[in-house]
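Enquirer: show me how the following folds:
(chains A and B)
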Amino acid sequence: MTGRSTSPRNAASQEEPIIYVVDDDASVRDALRNLFRSVGLRVEVFGSGSEFLQSRHPDVASCLILDIRLPRLSGLDFQVELAKAGIHIPIIFMTGHGDIPMTVRAMKAGAVDFLTKPFRDQDMLDAVTAAIERDRTSRNEARILADLHAHFATLTAREREIMALVTSGLMNKQIAAEIGIAEITVKIHRGHIMRKMAAKSLADLVKMAQTLDIQRAAPPQ
Amino acid sequence: MRNQLLKFRRSAEQSLLGGMALASLTAACIWLVLGPAPEVADYLIAVALLFALFLALLIVMHLVGSTHKQMEAALASRASAERRAIQALRESEAQWKEVFEHNPVMYFMVDADGIVLSVNTFGAAQLGYRVDELRGQSVSKVFFEADRDAVGQSVEICLADIGQTHSWEIRKVRKDGSALWVRENAKAVRRQDNHLIVLIACEDITEHKEAENALRQSGNYLAEAQRLSRTGSFGWRVITGEIIWSDETFRIFGFDKAPSVALDRIIQRIHPDDRAGAQQTIDRASSDGKDFDHEYRLLMPDGSVRYVHATAHAVTDASEGIEFVGAVTDVTARRQAEEKLHEAQAELAHVTRVTALGELAASIAHEVNQPLAALVANAAAAQRWLDRDTPNLQEARNALVSIIDDGNRAGDVVQRVRGLVSKNTDQKVSLDINEIVNEVIALLHRELLSHRISLRTKLTPAPGVVLGDRVQLQQVILNLIVNSIEAMQPVTGRPRELVIRTQQEEAQQILVAVTDCGVGLTAENANRVFDAFFSTKSGGMGMGLSICRSIVESHGGRLSACGNGGLGATFQFSLPIHREDNTP
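Expert: Residues are numbered from 1 along each chain as shown, chains lettered A, B, ... in the order given. Down below sits the predicted model:
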């Protein structure tokens, strides 16, 4: 639908965010498109959940505005479908009538906001801004984690072993003794690790190890 | 004695004649002795005289004898005439007495104090008495205690007006206590002895009186029955224009009782709105002489309105022409009760309508909020397009166009809901049934979607016009669709489909059918679903379909239900197609 290919990862946070609208009512869809366009936001609209699922979604900060009373596949069911499909996107629900049970279900399932129709434009824009910001953050976090995993994947088995020992607080000499190699060799490995992991300092590397959940007791194979 | 008298008379005549002859002889002797001397010898004269005398005596004797005979004959005939007269008198008296005693009229002769001087046998017998049991008694004996004063007054009137006949009707009492009705003709007369008496002739009119009473009673019963049933009767002779009313008819029309009534006056009393119609019916009846039956309202002088139903049967008489005999019933109470019932039904229909809308509130709110949300968003967008450093007028204009559409759309929904909530129903106008169906579908669009029901409509193109109340018919269709939605609630594993169909049948009526594929309907329940308080739904009040049926019936149609054999049920109703020339 968007016709865009997935953007390079490092450029994602700078890319223009996209707002997706799913509502079966054409006039509501068009009005929302008009509203977001008037504030210079990029918007994609869909008449049904399946239409949305069939489209391609560039990896940019985005959010989904969903009518809770969608025909056929209701907004809530659609929320479940998205989770199954591994699409993690902040969802702002719209409803024509304040349904408490529905609201509770939606919020539990991770909806970021809930707007009752008719809503104030500013409320919608604020909700969208917050959702995009949130998505941007989570996307960044995900990206960092992914980079980390990628860096880690480039380490040799020996390097991974040494990284676990380094980040557990052992001195080079202790490590050399532990695994039975020369201290100088440990030093060389350590240099490789710092470079490959793009760690600026030992503290940086320790944090990475924590994020990657690398422990001495269970060194990776 | 009579013979003795005759003998005595005869001897008296003979003595008289003998005496006269002796007197003549004596006079002759005296004349001979003392008178002038005769020329002839005295003795000759004397002899002659004697002879003459003797002759005279003989003649006289003969004359006397014949006269005597004649007299005797005359006397005898006179006596027989007398006897005959007496006989005749006796016979006449007996005859009159017979008449008096046995004439089938009761005769009483009473004195001024009311004592019976005489009474005829028939009269006494009629009362169960013998004559001597009444004679000398007070006449009040033969009257009821209660009537005695009246009797006294009547007698007084007669006594005050001597010679004039007065008559009255009164009850008399027999010796055995039973009553008889009599008409008494009485007058007072003064007797030769200067006493006033009252002669009374009484005629037994018991049978007549009973017949009259029976007639009066039957008349009273009829009048009472008319009063109770608020039904008056009338007769109308068309040629003469004569109209005869019963008391109740006068009461119904609020007119004072009169021997006859003018048609114009009746027409004037009819409510102005009904006057032309009633006049038309009357005109038609008077020209074609056929039975008629119509209902109209009367506008009474106090401004109140009466509902009247009149029905008449034509009786045609060769000489008199057409005559109508009819009945007028005051049906105001019935009409008012019907109106109250109608109001109650309308109220109930309204309540169920509002309840139904309440159940659809979420869907309807969505229907209103959709355009409102779009409207607000478009307005905000327009504002922002204009607030830009270089305002984008085209975008703002586009947004405004959308705003107008959205506003109208929201307005339409509100209008529809307000119509259904309105109490002001029962305004029968010409309607396109497809339009009504589409309006209801528009209101239920969201409800159908949220229940994942696919709707198929098969509406006949250009259906005939029906005469009906828009809101009421919307209510029926709404109710049937909502029922179908509920019936399809438990359906899983197959599509939930609702089919709404309109179809023209034989150019007479329009059929509207709502078919679902829900839980279906047993043959037993197919009729019961229309009963009040019958519900197959746990939360149902059981009034919906009952009200639908009464609405459809009040539109001259029929609402029915049947199972679809396999799955689901069909509820359908037909309405008569309205034509302009149809007089309702």
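Enquirer: skip the chain neighbours and tell me the closest residue to B:V354.
Expert: Sequence neighbours aside, B:V421 is the residue nearest to B:V354 in space, at 5.9 Å (criterion: C-beta to C-beta, 6 or more residues apart in numbering or on different chains). Where C-beta positions appear, they are placed from N, C-alpha and C, glycine not excepted.
Enquirer: domains in chain A, by residue range?
Expert: A:9-145, A:154-212 (automatic domain parsing).
Enquirer: give me the phi and psi for the residue nearest the centre of chain A.
Expert: Residue closest to the average C-alpha location in chain A (C-alpha atoms, centre = their mean): A:R139, at 3.4 Å. When read as degrees, to the nearest 10, the backbone of A:R139 gives phi -60, psi -40.
Enquirer: correct me, but it touches A:D59?
Expert: Yes: applying C-beta atoms under 8 Å, one finds A:R139 in contact with A:D59, separated by 7.0 Å.
Enquirer: output stretch A:80-92 as PDB - backbone C-alpha positions only.
Expert: Extracted as PDB, the C-alpha positions of stretch A:80-92 are listed here (Å, rounded to 0.1, in the frame of the first residue of the first chain):
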ATOM      1  CA  VAL A  80      -5.200  -9.700  18.700                       C
ATOM      2  CA  GLU A  81      -4.600 -10.400  15.000                       C
ATOM      3  CA  LEU A  82      -1.900  -7.700  14.900                       C
ATOM      4  CA  ALA A  83      -0.200  -9.200  17.900                       C
ATOM      5  CA  LYS A  84      -0.300 -12.600  16.300                       C
ATOM      6  CA  ALA A  85       1.100 -11.200  13.100                       C
ATOM      7  CA  GLY A  86       4.000  -9.700  15.100                       C
ATOM      8  CA  ILE A  87       3.000  -6.200  14.200                       C
ATOM      9  CA  HIS A  88       3.700  -4.000  17.300                       C
ATOM     10  CA  ILE A  89       2.300  -0.600  16.800                       C
ATOM     11  CA  PRO A  90       0.700   1.700  19.300                       C
ATOM     12  CA  ILE A  91      -3.100   1.600  18.900                       C
ATOM     13  CA  ILE A  92      -5.500   4.500  19.600                       C
END
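Enquirer: what's in contact with it?
Expert: With contact meaning C-beta atoms under 8 Å, 6 or more residues apart in numbering or on different chains, stretch A:80-92 is reached by A:20, A:49, A:53, A:57, A:62-66, A:73, A:79, A:106, A:109-115, A:124, A:127-128, A:131-132, A:134-135, A:138.
Enquirer: so which bits of the lowest-mean-pLDDT helix or strand in chain A are buried?
Expert: Across the helices and strands of chain A, mean pLDDT, DSSP states H and E gives its lowest value to helix A:100-108, namely a mean of 77. Neighbour counts over helix A:100-108 (16 or more other C-beta atoms under 10 Å in any protein chain shown) mark A:M102, A:T103, A:R105, A:A106 as buried.
Enquirer: burial measure for the residue nearest to the third one when sequence neighbours are not counted, as a count.
Expert: Computed as C-beta to C-beta, 6+ apart, the closest residue to A:R105 that is not its neighbour in sequence is A:L76, at 5.6 Å. Residues within reach of A:L76, counting by other C-beta atoms under 10 Å in any protein chain shown, total 20.
Enquirer: what's the mean pLDDT across the helix or strand containing A:L76?
Expert: A:L76 is part of helix A:75-84 when elements are defined by DSSP states H and E. Mean pLDDT, computed over helix A:75-84, is 83.
Enquirer: any idea which helix or strand comes after that helix?
Expert: Downstream of helix A:75-84, the next assigned helix or strand under DSSP H and E is strand A:91-95.
Enquirer: so, low pLDDT: which residues of chain A?
Expert: For chain A, residues meeting the criterion pLDDT under 70 lie at A:1-14, A:96-99, A:217-221.
Enquirer: got the residues of it near chain B?
Expert: Selection of chain A residues close to chain B by C-beta under 8 Å from any C-beta of the partner chain yields A:24-25, A:27-28, A:30-32, A:34-35, A:37-39, A:69, A:71-72, A:74, A:94-97, A:99, A:116-122, A:124.
Enquirer: in strands, which of these appear?
Expert: Among the residues of chain A next to chain B, the ones falling in strands (DSSP state E) are A:M94, A:T95, A:T116.
Enquirer: which residues does the second one contact?
Expert: With contacts taken as C-beta under 8 Å, 6+ apart, A:T95 has the following neighbours: A:D67, A:I68, A:R69, A:M102, A:T103, A:F114, A:L115, A:T116, A:K117, B:H366.
Enquirer: what of the first one?
Expert: Contacts of A:M94 were listed using C-beta under 8 Å, 6+ apart, and they are A:D23, A:V28, A:I65, A:L66, A:D67, A:I68, A:L115, A:T116, A:K117, A:F119, B:A373.
Enquirer: what sits opposite it in the beta ladder?
Expert: A:M94 forms beta bridges with A:D67, A:L115, as assigned by DSSP bridges.
Enquirer: what residues does chain B put near chain A?
Expert: Counting by C-beta under 8 Å from any C-beta, the residues of chain B close to chain A are B:361-362, B:365-385, B:388, B:392, B:395, B:398-399, B:402, B:405-406, B:409, B:446, B:449-450, B:452.
Enquirer: could I get the full set of strands for the stretch 351-500 of chain B?
Expert: B:429-431, B:453-459, B:466-468, B:496-505 (DSSP state E, counting those that start in this stretch).
Enquirer: quick one on the thing from earlier: give me the pLDDT for the residue nearest to B:V354.
Expert: pLDDT recorded at B:V421 is 80.
Enquirer: same deal with B:A344?
Expert: So B:A344 comes in at 78 (pLDDT).
Enquirer: any idea how far the helix or strand hosting it is from the chain center?
Expert: According to DSSP H and E, B:A344 maps onto helix B:332-359. Remark: helix B:332-359 is offset 36 Å from the chain centroid, using C-alpha atoms, centre = their mean, to the nearest Å.
Enquirer: list the helices and strands it packs on?
Expert: Secondary-structure packing of helix B:332-359 (3 or more C-beta pairs under 8 Å, 6 or more residues apart in numbering or on different chains; DSSP states H and E): strand B:305-317, helix B:393-421, helix B:470-487, helix B:544-554.
Enquirer: could you redo the last one with a cut-off of 10 Å?
Expert: Using 3 or more C-beta pairs under 10 Å, 6 or more residues apart in numbering or on different chains; DSSP states H and E, the elements in contact with helix B:332-359 are strand B:292-299, strand B:305-317, helix B:361-387, helix B:393-421, helix B:470-487, helix B:544-554.
Enquirer: make JSON lines out of these and add distance to A:G180 and mean neighbour count.
Expert: Converted to JSON lines, the helices and strands packed on helix B:332-359 look like this (distance: least, C-beta to C-beta, whole Å; neighbours: other C-beta atoms under 10 Å in any protein chain shown):
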{"stretch": "strand B:292-299", "distance to A:G180": "120", "mean neighbour count": "17"}
{"stretch": "strand B:305-317", "distance to A:G180": "119", "mean neighbour count": "17"}
{"stretch": "helix B:361-387", "distance to A:G180": "70", "mean neighbour count": "23"}
{"stretch": "helix B:393-421", "distance to A:G180": "74", "mean neighbour count": "16"}
{"stretch": "helix B:470-487", "distance to A:G180": "78", "mean neighbour count": "23"}
{"stretch": "helix B:544-554", "distance to A:G180": "88", "mean neighbour count": "22"}
